[in-house]
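Q: What would the 3D arrangement of this be:
(2 chains)
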Number of protein chains: 2
Amino acid sequence: MKVYAFGVDIGGTSVKIGLGRTSGWLFETRKIGTPPAPSPESFLAQIADVIKQRIQARGFRAADVLGIGVGVPGPVDAQGMVHGCANLGWGDVDVKAILEQHLQMPVQVGNDADVAALGEMWQGGGKGYSDLVMITLGTGVGGGVIVNQHIVPGRFGSAGEIGHLRVNSQETEPCGCGNYGCLEQYASATGIVRTARAMLKQHPELSSPLRENTLDAKAVCDAARTGDALARAVIDRSMGKLGEALAMISCVVDPEVYVIGGGVSAAADVLMQPLKQAYRQYAFPASKDTAFARATLGNQAGIIGGIKLIVSKESKEK
Amino acid sequence: MKVYAFGVDIGGTSVKIGLGRTSGWLFETRKIGTPPAPSPESFLAQIADVIKQRIQARGFRAADVLGIGVGVPGPVDAQGMVHGCANLGWGDVDVKAILEQHLQMPVQVGNDADVAALGEMWQGGGKGYSDLVMITLGTGVGGGVIVNQHIVPGRFGSAGEIGHLRVNSQETEPCGCGNYGCLEQYASATGIVRTARAMLKQHPELSSPLRENTLDAKAVCDAARTGDALARAVIDRSMGKLGEALAMISCVVDPEVYVIGGGVSAAADVLMQPLKQAYRQYAFPASKDTAFARATLGNQAGIIGGIKLIVSKESKEK
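A: Below you'll find the predicted structure:
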């Protein structure tokens, strides 16, 4: 019986390969470094070799393994075709076909943020829910949209690009994407720092520990925790923009829960209350009571989501 | 064989009852008036009577009819429970259970805008697509989100409430929902008139036929068609806000196509070009080439979508 599956999380600096039971229990994780600008074929062959080796080392037969679910750092369409991964220097790559040829078992591919959202739905902060939006607050703001337990990939792989929702029509600095006033410019780690810089400049009369120390998102959250007024105002502004964006997402897919993850969310104790308050202020009246949860799987969300990706696909095929 | 199905579109002034083949061919439509503040039980019994009568008149056996798909003017959750219809004066009503008891055949219920979107996907402007967002430009701005050929209802039935996406943080007049700066305040028929009034006042130096005649959305579109500069500026502003809103929707679900319907869309010849231009300006780079289409089913979208609703459900159950 096919009771095992692999989840693979391909990142810009490393690849995590997880082995677990199809019931969701992850019992082994391997990590390999990502070579600079890896050629898709040789890099995927290397990943396939690790998987083959693990199957052999565990004494599994091919018939024991359901397949492999893979998250990649780029847009993936509904057919599983990968359309460019900037961090890997890839153009269009048919990851599914290449890995299936090496491994002779079913492979499913998704965008890494989407796959992590699926993992959080299955075994993490979104457990018990079928419709959720995951928000990853890191260097940027990423997202994954799950409807009826399945990833919404989008026509161009851009579903869940919530970092690029427009939340400020007055912005004069461009976002990395070329537009102006994107959520990412306020609610990401860099966005929080940018907001702090602007407010420090705007209020020279206010003293703040933020003037003395290295200015990063953690410093802002730490200062807010100790009651620093300026740091609190920065958090209110950044989380205000995030709340406004989530209110808009509710007008589109109206999820059961927002799951908040990523490095910045380590400071959830100071972020969640202003976030929920802003959400309730801007939400459409019927949707004011959407649940909020913290992501709980950390950097294992991708491999656990990878396992779920192949489990869902294969149970659908039957 | 179950080759027939009914689609029912319950509105504030009338109920349309359509009978068609499960393949999508609608061959009969009946219309009955909606009594003021109808009691759910007696009103649904009346609808059931019409359906029974049509089955009898056509000489169908119960075994010939697959079931009934119903659109209602209010939020419907994933279980098909209707949570209040303002236009009908209804609170929570289990439309599915009541009709199933009367008719002894499967019933599916959805929000009217969602069901119309499903109809347009199946037989209308969105034919051939699986992921679409329909925008209905009428007195308000309604919407329906279809992912993988299925309606996204949302936790509180608010998915597709795109009229309440926030597109202007500077707005001082409240929207009907209580928030400020909702899309509906600019891009609906009333929003176009409101925008026109504001611009007429703002530019007293500009002459325009809009100053002389009855000011409604049609008058604005007609004046824009003849080249009136002020009317064109109104359309640019209203469709600019709609384009901005659709760009945000693409960051959430990234549909294949936007299908534009509703009374205002009769003037698509003057609306579509500024709409598409604004969309492309604000869209996330990967999603700039989303398709646009006009709705083609008019006020039959609801009954055709109703038939699709029950066809999809029953084919899924098998």
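Q: got the residue ranges for the strands in chain A?
A: Chain-ordered strands for chain A, with DSSP state E as the definition, fall at A:4-10, A:14-21, A:26-33, A:65-72, A:82-85, A:90-93, A:107-111, A:132-137, A:141-147, A:150-151, A:257-261, A:291-294.
Q: right, so of those, which gets closest to chain B?
A: Nearest to chain B, of all the strands of chain A, is strand A:141-147, at 5.5 Å by CB to the nearest CB. For the C-beta atoms, the positions are set from N, CA and C on the backbone; glycine is no exception.
Q: Output the contacting helices and strands for that closest one.
A: Packing contacts for strand A:141-147, counted by 3 or more CB pairs under 8 Å, 6 or more residues apart in numbering or on different chains; DSSP states H and E, involve helix A:112-123, strand A:132-137.
Q: any chance of these in CSV, with distance to residue A:70 and mean neighbour count too?
A: As requested, those are exported to CSV (distance: least, CB to CB, whole Å; neighbours: other CB atoms under 10 Å in any protein chain shown):
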stretch, distance to residue A:70, mean neighbour count
helix A:112-123, 8, 29
strand A:132-137, 18, 29
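Q: Take the ones you listed and write them to a markdown table, including mean pLDDT.
A: Formatted as a markdown table, the helices and strands packed on strand A:141-147 follow (pLDDT from 0 to 100):
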| stretch | mean pLDDT |
| --- | --- |
| helix A:112-123 | 97 |
| strand A:132-137 | 97 |
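Q: possible to save the ones you listed as JSON lines with distance to residue A:313?
A: As requested, those are exported to JSON lines (distance: least, CB to CB, whole Å):
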{"stretch": "helix A:112-123", "distance to residue A:313": "11"}
{"stretch": "strand A:132-137", "distance to residue A:313": "19"}
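Q: Kindly reformat the ones you listed as CSV containing distance to chain B.
A: Output for the helices and strands packed on strand A:141-147, formatted as CSV (distance: least, CB to the nearest CB, whole Å):
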stretch, distance to chain B
helix A:112-123, 11
strand A:132-137, 8
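Q: Tell me which of these lies nearest to residue B:179.
A: Taking CB to CB as the criterion, strand A:132-137 is the member of the helices and strands packed on strand A:141-147 that comes nearest to residue B:179, at 19.9 Å.
Q: That closest one to helix A:112-123, inter-axis angle?
A: Orientation check (axes from the mean of the first three to the mean of the last three CA atoms, to 10 degrees): strand A:132-137 against helix A:112-123 gives 120 degrees.
Q: interface residues of the stretch 201-318 of chain A facing chain B?
A: With CB under 8 Å from any CB of the partner chain as the criterion, the stretch 201-318 of chain A comes near chain B at residues A:244, A:247-256, A:282, A:284-287, A:289-290.
Q: In helices only, show me these.
A: Those of these mapping onto helices are A:244, A:247-252, A:282, per DSSP state H.
Q: closest one to residue B:231 among the strands of chain A?
A: So among the strands of chain A, strand A:141-147 is nearest, using CB to CB, at 38.2 Å.
Q: And the average pLDDT for stretch A:277-290 is what?
A: Rounded to a whole number, the mean pLDDT of stretch A:277-290 is 96.
Q: re earlier: scan the ones in helices among the residues of the stretch 201-318 of chain A next to chain B and report the most crowded one.
A: residue A:251 (31 neighbours; other CB atoms under 10 Å in any protein chain shown).
Q: residue ranges of the helices in the stretch 151-300 of chain A, please?
A: Across the stretch 151-300 of chain A, reading from the start of the chain, the helices by DSSP state H, counting those that start in this stretch fall at A:184-187, A:189-202, A:217-225, A:229-252, A:268-282.
Q: ok and the fourth one relative to strand B:141-147, angle-wise?
A: Which is helix A:229-252. Interaxial angle of helix A:229-252 relative to strand B:141-147 (the same axes, to 10 degrees): 80 degrees.
Q: Could I get the buried residue list for helix A:229-252?
A: Residues of helix A:229-252 classed as buried by neighbour count (16 or more other CB atoms under 10 Å in any protein chain shown): A:230-252.
Q: Would you mind getting the angle between that helix and helix A:217-225?
A: Using the same axes, to 10 degrees, helix A:229-252 lies at 110 degrees relative to helix A:217-225.
Q: Output the contacting helices and strands for helix A:229-252.
A: For helix A:229-252, where contacts count as 3+ CB pairs under 8 Å, 6+ apart, the packed elements are strand A:132-137, helix A:184-187, helix A:189-202, helix A:217-225, helix A:268-282, helix B:229-252.
Q: now swap in the second one and tell me
A: Using 3+ CB pairs under 8 Å, 6+ apart as the contact definition, the elements that helix A:189-202 packs against are helix A:184-187, helix A:217-225, helix A:229-252.
Q: One more: the first one?
A: Judged by 3+ CB pairs under 8 Å, 6+ apart, the packing partners of helix A:184-187 are helix A:189-202, helix A:229-252.
Q: got those as JSON lines, with distance to residue B:168 and mean pLDDT columns?
A: Output for the helices and strands packed on helix A:184-187, formatted as JSON lines (distance: least, CB to CB, whole Å; pLDDT from 0 to 100):
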{"stretch": "helix A:189-202", "distance to residue B:168": "21", "mean pLDDT": "96"}
{"stretch": "helix A:229-252", "distance to residue B:168": "12", "mean pLDDT": "97"}
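Q: Distance to residue A:210 for those helices - can I get that in TSV?
A: TSV is the format used below for the helices and strands packed on helix A:184-187 (distance: least, CB to CB, whole Å):
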stretch	distance to residue A:210
helix A:189-202	6
helix A:229-252	6
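Q: Any idea which residue of the stretch 201-318 of chain A lies closest to chain B?
A: When scored by CB to the nearest CB, the stretch 201-318 of chain A has residue A:254 as its residue closest to chain B, at 2.6 Å.
Q: and the closest residue to that residue other than its chain neighbours, what does it touch?
A: With CB to CB, 6 or more residues apart in numbering or on different chains as the measure, residue B:154 is the residue that lies nearest to residue A:254, at 2.6 Å, once sequence neighbours are left out. Contact partners of residue B:154, counting by CB atoms under 8 Å, 6 or more residues apart in numbering or on different chains, are A:131, A:250, A:253-255, A:287, B:75, B:77, B:160.
Q: Just checking: the least confident one among these is which?
A: By predicted confidence, the contacts of residue B:154 are weakest at residue B:77, whose pLDDT stands at 79.
Q: Tell me the spatial nearest neighbour of it, not counting adjacent residues.
A: residue B:157 (5.5 Å).
Q: and if you look at residue A:67?
A: Beyond its immediate neighbours in the sequence, the residue positioned closest to residue A:67 (CB to CB, 6+ apart) is residue A:106, lying 3.6 Å away.
Q: which residue does the stretch 51-200 of chain A bring closest to chain B?
A: Taking CB to the nearest CB as the measure, the stretch 51-200 of chain A has residue A:154 as its residue closest to chain B, at 2.5 Å.
Q: per-residue pLDDT, that residue?
A: In the prediction, the pLDDT value recorded for residue A:154 is 94.
Q: Report how many residues lie close to residue A:149.
A: Neighbour tally, residue A:149, other CB under 10 Å: 14.
Q: Hmm, it is touching residue A:312, no?
A: Yes - with the criterion set as CB atoms under 8 Å, residue A:149 and residue A:312 qualify as a contacting pair; they are 6.9 Å apart.
Q: for the helices and strands packed on helix A:189-202, which one sits closest to residue B:298?
A: Shortest distance between residue B:298 and the helices and strands packed on helix A:189-202, using CB to CB, is found for helix A:229-252: 25.1 Å.
Q: Just the CA atoms of the closest one, as CSV, please.
A: Written as CSV, here are the backbone C-alpha positions of helix A:229-252 (Å, rounded to 0.1, in the frame of the first residue of the first chain):
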residue,chain,number,x,y,z
ALA,A,229,5.2,55.3,21.1
LEU,A,230,6.9,55.8,17.8
ALA,A,231,7.5,52.1,17.3
ARG,A,232,3.8,51.5,18.1
ALA,A,233,2.7,54.1,15.6
VAL,A,234,4.9,52.3,13.0
ILE,A,235,3.3,48.9,13.7
ASP,A,236,-0.2,50.5,13.6
ARG,A,237,0.5,51.9,10.2
SER,A,238,2.1,48.7,8.8
MET,A,239,-0.6,46.4,10.3
GLY,A,240,-3.2,48.9,9.3
LYS,A,241,-2.3,48.5,5.7
LEU,A,242,-2.3,44.7,6.1
GLY,A,243,-5.7,44.8,7.7
GLU,A,244,-7.0,46.9,4.9
ALA,A,245,-5.6,44.4,2.3
LEU,A,246,-7.1,41.4,4.1
ALA,A,247,-10.5,43.2,4.2
MET,A,248,-10.2,43.4,0.4
ILE,A,249,-9.3,39.7,0.1
SER,A,250,-12.5,38.9,2.0
CYS,A,251,-14.5,40.7,-0.6
VAL,A,252,-13.0,38.4,-3.2
